[in-house]
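Novice: Fold the following, please.
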Amino acid sequence: MGATKTDFFTEEQNKMAVIAKALGHPARIAIIQYLLKVNECICGDIVNELPLAQPTVSQHLKELKNAGLIKGNIEGNSICYCIDEKAFEKINIFFSDIISTVRKQNCC
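Specialist: The predicted structure follows:
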């Protein structure tokens, strides 16, 4: 078997691409914003906050969790979600590096 296209990029580049893809949907941005607003783990309230069906919200939560942007803990019959600070620190470092580099450039 041949190499996949992602094999040609660094681990950091691949991880950032997964995070960017996960953030590439407005429902997922809304979920992140809601979790930041409530500042605690949330179980069932997320579905009530979005104009989406429960299975759709669950799929978006799964994508965010797989990208490492949120954490989920099982409590009884439900999973409680909260922000994973480590992922957002990586995003902060990544974009801070870009911004500082762009500010130093002197092109068009």
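Novice: Helices along the chain, start to end?
Specialist: Counting by DSSP state H, one finds helices in the chain at the ranges 11-22, 26-38, 45-49, 54-66, 85-104.
Novice: which residues are contacting the fourth one?
Specialist: Surrounding helix 54-66, the residues in contact under the criterion CB atoms under 8 Å, 6 or more residues apart in numbering are 18, 22, 25, 27-28, 31-32, 46-47, 50, 52, 70-72, 79, 81. Every residue, glycine included, has its C-beta placed from N, CA and C.
Novice: what does the third one give?
Specialist: The list of residues contacting helix 45-49 from outside it, by CB under 8 Å, 6+ apart, reads 30-31, 34-35, 38, 54, 57, 61, 81.
Novice: Which of those sits closest to C107?
Specialist: Minimum separation from C107 among the contacts of helix 45-49 (CB to CB) is found for A30, which lies at 36.1 Å.
Novice: Nearest residue to the closest one in space, ignoring adjacent ones along the chain?
Specialist: With sequence-adjacent residues excluded and distances taken as CB to CB, 6 or more residues apart in numbering, A30 is closest to L50, at 5.9 Å.
Novice: Check K86 too.
Specialist: G68 is the one closest to K86 (CB to CB, 6+ apart), at 7.5 Å.
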